[in-house]
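>>> Coordinates for the following, if possible.
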Amino acid sequence: MELDKEHEIEEMLAERAIRRVIQAYAHAADRGDVPLMESLFWPDAILDIGIYQGNVAGFIAGFVAAQRDSTRVSNHFQGNVFIEANLSEHVARAETYCIGGSRVRNDDGTVVDRLSHVRYVDRFEERAGEWRIHRRVVAFDWSGTTPVLTDDAPKPNWVVGRRGPDDIWHHILD
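Numbers count the residues shown, from 1 in each chain. Model (predicted):
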């Protein structure tokens, strides 16, 4: 009985650690946090995310380049998360439903909102007590692009989300 409870606690702790990685991915993507993004993947991780297929180093290079576009904003809303951990093998799989949106300025100056409903299907590995993504496949369920006809800019006294260290996230505890 005691072993069952210990195993259940170990599973809960593994699932908690995996969920934190999944949630941190959305935060890193939306806030442009490069060091956090790098910490979520094992160095030998492989990704297939639609616009990019390859190793994590190439993904991070593209992520860094995207942070230079000051007009780009994104938002990831995560829903259902299903995790199956195999503690004896130090692996887990997770499926996370996500609605991801971004507002981008096209080369012709038009602004569009892109919205995708996807599932992150991840293989996690635990190494030295730490869970990180070893393989990520993004399964696209549906997506669309909508032209932005009006831009409801925030009022002057509103806090505006920022990419990088100027975002309120980094200063809320000051």
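
>>> pretty sure Pro154 belongs to a helix, no?
No: secondary structure of Pro154 (DSSP: H, G, I helix; E, B strand; the rest coil): coil, not part of a helix.

>>> In three-state terms, label the closest residue in space to it that isn't next to it in sequence for me.
Nearest in space to Pro154, with sequence neighbours left out and distances taken as Cβ to Cβ, 6 or more residues apart in numbering, is Val160 at 5.3 Å. To be clear about C-beta, it is placed using only N, CA and C from the backbone, and glycine gets the same treatment. Following three-state DSSP, Val160 is assigned to coil.

>>> Count the neighbours of Val160 for me.
Counted with other Cβ atoms under 10 Å, the neighbours of Val160 add up to 12.

>>> Return the distance of it relative to Phe82.
34 Å (Cβ to Cβ, to the nearest Å).

>>> Tell me who's in contact with Gly144.
By Cβ atoms under 8 Å, 6 or more residues apart in numbering, the contact list for Gly144 reads Arg114, Leu115.

>>> if I've got this straight, it is in a strand?
Yes: assigned with three-state DSSP, Gly144 falls within a strand.

>>> Quick check: Ala17 is in a helix.
Yes: assessed by three-state DSSP, Ala17 belongs to a helix.

>>> isn't it right next to Trp131, touching?
Yes: Ala17 is in contact with Trp131 according to Cβ atoms under 8 Å; the separation is 4.5 Å.

>>> Send me stretch 129-137 as CSV with only the CA atoms.
In CSV, the C-alpha atoms belonging to stretch 129-137 read as follows (Å, rounded to 0.1, in the frame of the first residue of the first chain):
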residue,chain,number,x,y,z
GLY,A,129,15.5,14.6,-12.3
GLU,A,130,14.4,17.2,-14.8
TRP,A,131,11.6,16.9,-17.4
ARG,A,132,12.0,18.6,-20.8
ILE,A,133,10.6,18.2,-24.3
HIS,A,134,12.6,15.8,-26.4
ARG,A,135,10.2,15.7,-29.4
ARG,A,136,7.4,18.1,-30.3
VAL,A,137,4.9,17.6,-33.2
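
>>> Flag every buried residue along that stretch.
Under the neighbour-count criterion of 16 or more other Cβ atoms under 10 Å, stretch 129-137 has Trp131, Arg132, Ile133, His134, Arg135, Arg136 buried.

>>> And stretch 78-92, by the same measure?
Gln78, Val81, Ile83, Ala85, Ala92.

>>> Most widely separated two among those residues?
Gln78 and Ala85 (18.4 Å; Cβ to Cβ).

>>> Do you know the pLDDT at the residue nearest to Pro154?
What the model reports for Val160 is a pLDDT of 86.

>>> ditto for the one 3 residues further on
What the model reports as pLDDT for Arg163 is 83.
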